[in-house]
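> starting from these lines, generate the structure:
(one chain, ligands or ions: 1)
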Amino acid sequence: MWLLAGRGPRCGRALVPWASGAACLGLPWLRCPATRGSTAEPWAPARLYGSGDRKEKIDMSRFPAEHIRNFSVIAHVDHGKSTLADRLLELTGTIDKTKNNKQVLDKLQVERERGITVKAQTASLFYNCEGKQYLLNLIDTPGHVDFSYEVSRSLSACQGVLLVVDANEGIQAQTVANFFLAFEAQLSVIPVINKKIDLKNADPERVEKQIEKAFDIPSDECIKISAKLGTNVESVLQAVIERIPPPQGHCKNPLRALVFDSTFDQYRGVIANIALFDGVVSKGDKIVSAHTQKIYEVNEVGILNPNEQPTDKLYAGQVGYLIAGMKDVTEAQIGDTLYLHKQPVEPLPGFKSAKPMVFAGMYPIDQSEYNNLKSAIEKLTLNDSSVTVYRDSSLALGAGWRLGFLGLLHMEVFNQRLEQEYNASVILTTPTVPYKAVLSSAKLIKEYREKEITIINPAQFPEKSKVTEYLEPVVLGTVITPDEYTGKIMMLCQARRGVQKNMMYIDQHRVMLKYLFPLNEIVVDFYDSLKSLSSGYASFDYEDAGYQTAELVKMDILLNGNIVEELVTVVHKDKAHSVGKVICERLKDSLPRQLFEIAIQAAIGSKIIARETVKAYRKNVLAKCYGGDITRKMKLLKRQAEGKKKLRKVGNIEVPKDAFIKVLKTQPDK
Ligand SMILES: Nc1nc2c(ncn2[C@@H]2O[C@H](COP(=O)(O)OP(=O)(O)OP(=O)(O)O)[C@@H](O)[C@H]2O)c(=O)[nH]1
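I've put the predicted structure just below:
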């Protein structure tokens, strides 16, 4: 059914954790037992690093394409990709083996705090097998559907993947989605069944059968490991060498380097992650960006080991980084092709741009922060190219942007990264999916210069009298669940206006359901509902499936008669009442009581459809502060003032800024 590289020579089954010479220098390679005691020349560190000095650059010419393997680790969320990457880094001596190596490649603060990978990370590993020195470029990828753009981009720099499947949970929705990404890219797939040994409920044989049934991969191709304990992880390295083909491409051809990721460093400018499809690139070369046609001089090239390690050159088939004095974030396009000046080449196909699933308005808390926030958003979108940005403005919130994300988690992570990495605090409005309207009003058609418009800002939702029809985006959702939850899940899908398209057993006890859903119904909290209904056992993934006609209405939320612009939302007509009621209830719980009574109302046009009231209350922060300790009083007042920064005024009502997101997180499943 798919391409698997022919099997090459076998490496020894067990590896020596460290070749002694390498160990004492902390060198990133080791040799396999096949070379032990053999007549093959031992791999002295000096051969890798020139004179043997750790500080000297690695001579990358020692790795011709046939000694390179480029692969990604892909899996469903939490199936152990990053843990397997840790073990591979340890086994190849790239990092020292310590108890503290936990998800080493998850470098971002947000990844550490949330315990999930959100950003693909590359690491070059050196591995010695049967007397041959290999360069293995590993890319650890995220598992959550909101970050699948990272996976598809990473695959463009690879010839194979390790498809990790949890031996306890078996194939899940993102396992299927990620497998097909790799399959469509014609990559070799090595199935790795993880958590085999140490988990009581693990059933690797069942998972092997699932893999065979769902992906047509024979069971004997599966490698069973425990990434946590390191059991059998060596065979993964052997399989990488044996089953993944080396990259194509020739050093003699003119340079063709694909920019598959990039970051911004305030001192060095853009750091581009590149995969060399052809040619050689060296420090000092004059290169051209196919996208901008600008010419740059290469200041630095190197590999990620896993931190940046400069080299003199990079050669065809290798993956590394390049710094070339690109100071402006708009100069570095992900998917761009870099080539040598005076040696133009046909640019590589690049990447399909990401299709945003939800849009939200983003505004600085204080308009004086506009330029800082602009620069922060530009730099962060360089590192996260799946975010789309349009300028926007609002009467209540001032100048800002409308940002498109791949899902709500993606939006939250982006917001968190802005705060953590750029110290930027923002107001985010209610996320909305991109609706469409077919206009009937000649005036509007003239204004928009087209008949069918896409609405990414609910405030601009045209009235019913001015449109022929509204359209909502739909997705094809895949749910995988143990069969005992099927009934409950089908009811949930129905409540979310889902239309069943398919149902099949992937083994005796697990069912795969396919539903066509309005995107709006699943984007906010469907996954949470699914998890709680199935005690955490069901998984969900979705893909774009176009648009369908829908009866939509715009719903306003008012506080004491003032419309809260952040909360204007578009809902299906049949759901307006129940959604409005939930938003009012949630807002009531989120709003701090104030000196006066607050009326919270949901309205469609002039018709109020739900209402809640927050009673008046006076919070005296000094109430418990008896006596005359002025410093204590000052501290309390300062803390109160700090807290106010997190509030946004609507009329004279103070609303905590996170309330705008929180209120949306529950939809009625009735
Ligand atoms: N018992 C056991 N736990 C494991 C094993 N491998 C990974 N884990 C645990 O599973 C959890 C998830 O592991 P990660 O490596 O972060 O999973 P991931 O696939 O990278 O997660 P995302 O990147 O967020 O999708 C962590 O708590 C790991 O300690 C294993 O072999 N056995």
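
> ok now stretch 223-233, how far from the chain's centre?
Relative to its parent chain, stretch 223-233 has a centroid offset of 26 Å by Cα atoms, centre = their mean, to the nearest Å.

> close to the ligand, is that stretch?
Yes. Contact of stretch 223-233 with the ligand (Cβ under 6 Å from any ligand atom) involves 226-228. C-beta here means a position set from N, CA and C on the backbone, and glycine is covered the same way.

> which residues touch whichever residue of the stretch 201-350 of the chain sits closest to the ligand?
Taking Cβ to the nearest ligand atom, the ligand has its nearest neighbour within the stretch 201-350 of the chain at K228, 3.3 Å off. Counting by Cβ atoms under 8 Å, 6 or more residues apart in numbering, K228 touches 80, 83, 195, 198.

> just the buried subset of the residues you listed, please.
80, 83, 195 (16 or more other Cβ atoms under 10 Å).

> hang on, the earlier thing: the contacts of K228 in helices, which ones?
Among these, the ones falling in helices (DSSP state H) are T83.

> any chance of the contacts of K228 in a markdown table, plus distance to the ligand and pLDDT?
Below are the contacts of K228 laid out as a markdown table (distance: Cβ to the nearest ligand atom, whole Å; pLDDT from 0 to 100):
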| residue | distance to the ligand | pLDDT |
| --- | --- | --- |
| G80 | 3 | 92 |
| T83 | 3 | 91 |
| K195 | 4 | 89 |
| D198 | 5 | 79 |
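
> for stretch 516-526, the distance to its chain's centre please.
How far stretch 516-526 lies from its chain's middle: 19 Å, per Cα atoms, centre = their mean.

> give me the neighbour count for whichever residue of the stretch 101-250 of the chain sits closest to the ligand.
Nearest residue of the stretch 101-250 of the chain to the ligand, counting by Cβ to the nearest ligand atom: G143, 2.6 Å away. For G143, the neighbour count with other Cβ atoms under 10 Å is 26.

> for it, which non-adjacent residue is spatially closest?
Excluding the flanking residues, the one nearest G143 by Cβ to Cβ, 6 or more residues apart in numbering is V77, at 3.8 Å.

> check contacts around that neighbour.
With Cβ under 8 Å, 6+ apart, V77 has these contacts: 116, 143-144, 172, 174, 539.

> surely it is within a strand?
No. Using DSSP: H, G, I helix; E, B strand; the rest coil, the assignment for V77 is coil, not a strand.

> quick one: it from T141, how far?
Per Cβ to Cβ, to the nearest Å, V77 is found 11 Å from T141.

> P246: how many residues sit nearby?
For P246, using other Cβ under 10 Å, the count is 19.

> relative to G160, how far out is it?
Applying Cβ to Cβ to P246 and G160 gives a distance of 10 Å.

> now do the shared contacts for those two.
Taking Cβ under 8 Å, 6+ apart as the contact rule, P246 and G160 both touch R69.

> so T231 touches I197, yeah?
Yes. At 5.1 Å, T231 and I197 qualify as touching, with contact defined as Cβ atoms under 8 Å.

> off-centre distance for stretch 66-83?
Using Cα atoms, centre = their mean, the offset of stretch 66-83 from its chain centre is 15 Å.

> go on, stretch 295-305?
Its chain's average C-alpha position is 25 Å from that of stretch 295-305, according to Cα atoms, centre = their mean.

> quick one: average pLDDT of that stretch?
In this model, stretch 295-305 has a mean pLDDT of 93.

> ok, stretch 149-159 next?
Per-residue scores along stretch 149-159 average to 90.

> now swap in stretch 517-526 and tell me
Averaging pLDDT along stretch 517-526 gives 88.

> quickly list the domain ranges of this protein.
The chain is divided into the following domains under the TED database: 60-243, 256-340, 358-428, 435-550, 554-665.

> can you put these in TSV and add distance to P349?
Converted to TSV, the domains of the chain look like this (distance: least, Cβ to Cβ, whole Å):
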stretch	distance to P349
domain 60-243	9
domain 256-340	8
domain 358-428	16
domain 435-550	20
domain 554-665	36
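
> of all the ones you listed, which one is nearest G350?
domain 256-340 (3.2 Å; Cβ to Cβ).

> that closest one: end-to-end distance?
Taking Cα to Cα, to the nearest Å, domain 256-340 runs 8 Å from one end to the other.

> run the chain-centre distance for it.
Centroid separation for domain 256-340 versus its chain: 22 Å, with Cα atoms, centre = their mean.

> just use 25 as the starting number from now, easier for me
Yep, numbering from 25; the last one is domain 280-364 now.
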